[in-house]
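Q: here you go, sequence then predicted model.
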Amino acid sequence: MQRDLSNEIQKLSIPERILLVEEIWDSIARENEAFELSQSQKEELDRRSRSYKENPSQGRSWQEIKAEFLKTK
């Protein structure tokens with residue numbers, strides 16, 4: 001079964017595989033309510049949040065980056 005699944009995954013384009021990984025990760029996150037960020041991850045998120053609040057016009061949303069990536073592949 002695992003070999004069949006692996007073969008099917010290889011048939012997908014890279015953007016399709018990335019979307020599959022995102023879907024898998026989201027399903028794991030939903031099921032694992034106890035998922036904890038490390039202190040360094042929390043600090044990085046805080047840093048990024050502050051940076052965004054100070055300069056909201058800089059950077060791009062995940063939706064913009066994802067759309068650009070999928071369009072170029």
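A: On my side now, so go ahead. Numbers count the residues shown, from 1 in each chain.
Q: now do the domain split for this structure, please.
A: Following the assignment in automatic domain parsing, the chain carries domains at 1-35, 38-73.
Q: mean pLDDT and mean neighbour count for those domains - can I get that in TSV?
A: Bear in mind the C-beta positions are built from the backbone N, C-alpha and C, glycine included. TSV is the format used below for the domains of the chain (pLDDT from 0 to 100; neighbours: other CB atoms under 10 Å):
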stretch	mean pLDDT	mean neighbour count
domain 1-35	87	10
domain 38-73	89	10
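Q: so which strand or helix has the residue most central in space within the chain?
A: Computing the C-alpha centroid of the chain and ranking residues by CA atoms, centre = their mean puts Glu22 first, at 5.5 Å. Per DSSP states H and E: Glu22 is located in helix 14-31.
Q: now the residue nearest to Leu37 when sequence neighbours are not counted: phi and psi?
A: For Leu37, ignoring the flanking residues on the chain, the nearest one in space by CB to CB, 6 or more residues apart in numbering is Leu45 at 7.3 Å. The phi/psi pair for Leu45 (degrees, to the nearest 10) reads phi -60, psi -40.
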